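K.L.:
dropping a prediction and its sequence here:
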Amino acid sequence: MEATGGMNTRHELAGRVYLGIGMRMMAALCFVAMAGLVKAADALPTGQILFARSFVIVPVLFVSLAFRGQLQSLKTKRPDGHLVRSILGCGALGFWFVALRYLPLTDVTAILYLTPILNVILAMLVLKETVGIWRGTAVIVGIVGVLIIMLPKLSGSYDTAALIGIACCLGNAICFSFSLIQIRQLSGTESPTSIVFYFSFFSSLMALATMPFGWLWPDPLQWLMLIGIGALGGLGQLLLTACYKYAPISLIAPFEYSTLLWATLIGMFFFGEHPSASTFAGAALIIAAGIVVARREHRLGRQRLAEETPTP
């Protein structure tokens, strides 16, 4: 009986892990599908698209919390911190959406894998953390991967569109990295629900402020695209938040890179984009570097926890 109980427990744990991995991959699909809709809706201003991405989840989240009697979870002691996080997050989304106008979907997806590597650089420069040989090497490998992707696009002639796309990808990675640092600081006093809600709320206001600069009245197809952008972005956020309840970050993190598969398929079938060998080679280096960084961060986190835990 005990053996059977142990097997059932192991099966339940395995089932939870598979569910977490599946939710992470579905979140990746939602985000890439959203990026595909952003690329397809490039006739609309970026601020208008950003408003759709941010606003759709605000009433849904508010009504859901009100229905469950949990509006008190939105109470905050750090409105200034939420505003800073929203500015950074809004900047990251804006850079991402502009990059999609100038570069293929697969290239943008691959270059954005640079974010964990930039986190290491920022931790070294801002937080004064010591970077060892493994993480230092991963940073160099990741940068080489980006160069392999982008140099063929810049060789032979001065490609303004490619340069703008690269700059926006780097802008996204930098803003997102600083945003993660801000989220870590907020997490000490704020609930995850309030962080998501205030980010969406403040981002909606900032995007709405761009209306005087030339928003367009969407046609029926564009309306559907805008609604889809908001719905997919919100669903992706929910899946991403929920997946970590079922499996540890160390197991789920590598499946973030499934976005490259989705981006390749969507780019080929809907935009006629055919990634080059240099894109896949560079992406492989960036992914390898990102996995090394993720594993080292996980190991260092466990070591810090062990050192902070008092010995009985």
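P.N.:
Sure thing, it's come through.
K.L.:
please count neighbours and contacts with C-alpha atoms only from this point.
P.N.:
Noted.
K.L.:
any stretches of the stretch 101-250 of the chain with poor pLDDT?
P.N.:
Within the stretch 101-250 of the chain, the segments meeting pLDDT under 70 span 123, 126-131, 153-158, 244, 248-250.
K.L.:
and the helices in it, which stretches?
P.N.:
105-112, 115-125, 133-154, 160-186, 192-208, 220-243, 249-252 (DSSP state H, counting those that start in this stretch).
K.L.:
can you list those helices in a markdown table and add mean neighbour count and distance to residue 265?
P.N.:
A markdown table is the format used below for the helices of the stretch 101-250 of the chain (neighbours: other C-alpha atoms under 10 Å; distance: least, C-alpha to C-alpha, whole Å):
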| stretch | mean neighbour count | distance to residue 265 |
| --- | --- | --- |
| helix 105-112 | 25 | 9 |
| helix 115-125 | 19 | 23 |
| helix 133-154 | 18 | 18 |
| helix 160-186 | 20 | 21 |
| helix 192-208 | 20 | 29 |
| helix 220-243 | 19 | 17 |
| helix 249-252 | 16 | 22 |
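K.L.:
between those helices, which gets nearest to residue 40?
P.N.:
Nearest to residue 40 among the helices of the stretch 101-250 of the chain is helix 220-243; the distance by C-alpha to C-alpha comes to 8.1 Å.
K.L.:
of all the helices of the stretch 101-250 of the chain, which lies closest to residue 289?
P.N.:
Of all those, helix 133-154 comes closest under C-alpha to C-alpha, at 4.5 Å.
K.L.:
and the helices of the stretch 101-250 of the chain: which comes nearest residue 47?
P.N.:
Short answer: helix 192-208, nearest of the helices of the stretch 101-250 of the chain by C-alpha to C-alpha, at 5.1 Å.
K.L.:
show me the contacts for the spatially closest residue to residue 115 that is not a sequence neighbour.
P.N.:
The shortest distance from residue 115 to any non-neighbouring residue, by C-alpha to C-alpha, 6 or more residues apart in numbering, is to residue 173 (4.8 Å). By C-alpha atoms under 8 Å, 6 or more residues apart in numbering, the contact list for residue 173 reads 92, 112, 114, 115, 118.
K.L.:
let me see the contact set for the fourth one.
P.N.:
Shown here is residue 115, whose contacts under the criterion C-alpha under 8 Å, 6+ apart are 173, 174, 176, 177.
K.L.:
which element, helix or strand, includes the closest residue to residue 186 other than its chain neighbours?
P.N.:
Distances taken as C-alpha to C-alpha, 6+ apart place residue 81 nearest to residue 186, at 6.8 Å, with adjacent residues excluded. Taking DSSP states H and E as the definition, one finds residue 81 inside helix 79-102.
K.L.:
so what touches that helix?
P.N.:
Contacts with helix 79-102, where a contact means C-alpha under 8 Å, 6+ apart, come from 35, 38-39, 42, 46-47, 50, 108, 161-162, 164-166, 168-169, 171-176, 178-179, 182-183, 186, 195, 198-200, 202-203, 206.
K.L.:
separation between residue 15 and residue 247?
P.N.:
Applying C-alpha to C-alpha, to the nearest Å, the value for residue 15 to residue 247 is 10 Å.
K.L.:
one more: residue 227?
P.N.:
Distance check for residue 227 against residue 247: by C-alpha to C-alpha, it reads 31 Å.
K.L.:
pLDDT at residue 253, what is it?
P.N.:
Residue 253 carries a pLDDT score of 68 in this model.
K.L.:
same question, residue 283
P.N.:
Confidence score, pLDDT, at residue 283: 83.
K.L.:
now it: closest residue in space that isn't a chain neighbour?
P.N.:
Excluding the flanking residues, the one nearest residue 283 by C-alpha to C-alpha, 6+ apart is residue 110, at 5.3 Å.
K.L.:
quick one, which of the helices of the stretch 101-250 of the chain is nearest to residue 286?
P.N.:
The closest approach between residue 286 and any of the helices of the stretch 101-250 of the chain, judged by C-alpha to C-alpha, belongs to helix 133-154 at 4.4 Å.
K.L.:
what angle do the closest one and helix 115-125 make?
P.N.:
Note on geometry: by axes from the mean of the first three to the mean of the last three C-alpha atoms, to 10 degrees, helix 133-154 and helix 115-125 are set 120 degrees apart in direction.
K.L.:
got the angle for helix 133-154 vs helix 105-112?
P.N.:
Using the same axes, to 10 degrees: helix 133-154 against helix 105-112 is 150 degrees.
K.L.:
which helices and strands does helix 133-154 pack with?
P.N.:
Of the remaining helices and strands, those touching helix 133-154 by 3 or more C-alpha pairs under 8 Å, 6 or more residues apart in numbering; DSSP states H and E are helix 115-125, helix 160-186, helix 277-308.
K.L.:
I'd say residue 117 and residue 139 touch.
P.N.:
Yes: look at residue 117 against residue 139 with C-alpha atoms under 8 Å: they come within range, at 5.5 Å.
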